[in-house]
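Enquirer: Coordinates for the following, if possible.
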Amino acid sequence: MKRLLLLWDIDGTLIDGGHVCAALYPLAFERLTGRPALHRVAVAGRTEPDIMAELFARNGVSGVEPALVTEELTVQLGRLAAEFRAAGRVLPGVVETLRALGAQREVAQSVLTGNVRANAALKLGLFGLTEFLDLSVGAYGDDADERAALVPVARRRAAAAYGHDFDAAATVLIGDTPRDVQAGRVGGARVVAVASGASSAAELREAGADTVLADLRDTAAVIRAVRSPRPAARGPG
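Expert: Sure, this is the predicted structure:
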């Protein structure tokens, strides 16, 4: 019986995609609008539909059908797949940690990611990580624009799959940005933050992560972090 639900962020937590991820959105914008995006937007910790919505707004575009956006994002990543695989890497300690946690019968591992579902599956497959994760109970960028809204989605899917509810104490989000931390806190999950992306450990603590790790190299430390109960009292940061 699965009693602990781990929801992994992908980009910056499990995988470093190099420059390719940021290039995806201007390419999709140009294909959908017929012109280049003159103004770029921040992408870290956001859902892909949210990134594209701001990209459209900042460049004076409206009325693009969401389904077409999702389809184009999927097409563009497929075209970039070989480049993404060549430029990217699995971050240190990831495989060892996923394998160790996957060996524990009471633990279910999935993803909570801003990637649309097809892109999440492609990225994980390119780097051989799919075998460790139950993607059927994950939550994706095409499930909700706001990242915090994805936590209840994953919890509902896991409850249906495993036959019991996962409350906030039994749900752990692992990510690398303050937006990941906020998603966990608002959505109802404990948060283990990893300073493996662009955000520092201090920034992740300030955002309110329950635990902050430098990286995932120490498998035992990761296991302790995901199993540690949320502190009874916390300050505002």
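Enquirer: and the worst-scoring helix or strand of the chain on mean pLDDT, which residues are buried?
Expert: None of the helices or strands of the chain scores lower by mean pLDDT, DSSP states H and E than helix 20-33, at a mean of 91. For helix 20-33, the buried set under the neighbour-count rule, 16 or more other Cβ atoms under 10 Å, comprises 20, 21, 23, 24, 25, 26, 27, 28, 29, 32. To be clear about C-beta, it is placed using only N, CA and C from the backbone, and glycine gets the same treatment.
Enquirer: Packing partners of the lengthiest helix in the chain?
Expert: Secondary structure assigned by DSSP state H gives helix 66-87 as the longest helix of the chain. Here helix 66-87 touches helix 20-33, helix 48-58, helix 117-126, going by 3 or more Cβ pairs under 8 Å, 6 or more residues apart in numbering; DSSP states H and E.
Enquirer: which residues are contacting it?
Expert: With Cβ atoms under 8 Å, 6 or more residues apart in numbering as the test, helix 66-87 has contacts from 17-21, 23-25, 27-28, 31-32, 48-49, 52, 116, 118-119, 122-123, 126-127, 142.
Enquirer: so for it, what's the average pLDDT?
Expert: Here helix 66-87 scores 94 as its mean pLDDT.
Enquirer: which element follows that helix toward the C-terminus?
Expert: Following helix 66-87 in sequence order, the next helix or strand is strand 89-90 (DSSP states H and E).
Enquirer: which is the next helix or strand following that next one?
Expert: Toward the C-terminus, strand 89-90 is succeeded by helix 94-102 as the next helix or strand (DSSP H and E).
Enquirer: Just the angle for the helix or strand that that next one is followed by relative to helix 94-102, thanks.
Expert: Once the chain leaves helix 94-102, the next helix or strand it forms, by DSSP H and E, is strand 107-111. Interaxial angle of strand 107-111 relative to helix 94-102 (axes from the mean of the first three to the mean of the last three Cα atoms, to 10 degrees): 140 degrees.
Enquirer: if I look at residue 178, how far off is residue 202?
Expert: Distance from residue 178 to residue 202, counting by Cβ to Cβ, to the nearest Å: 11 Å.
Enquirer: With residue 123 instead?
Expert: Distance of residue 123 to residue 202, computed by Cβ to Cβ: 28 Å.
Enquirer: go on, residue 177?
Expert: From residue 177 across to residue 202, the span is 13 Å (Cβ to Cβ).
Enquirer: Between the two, which is the more surrounded one?
Expert: Taking other Cβ atoms under 10 Å, residue 177 and residue 202 do not tie; residue 177 has more neighbours (25 against 11).
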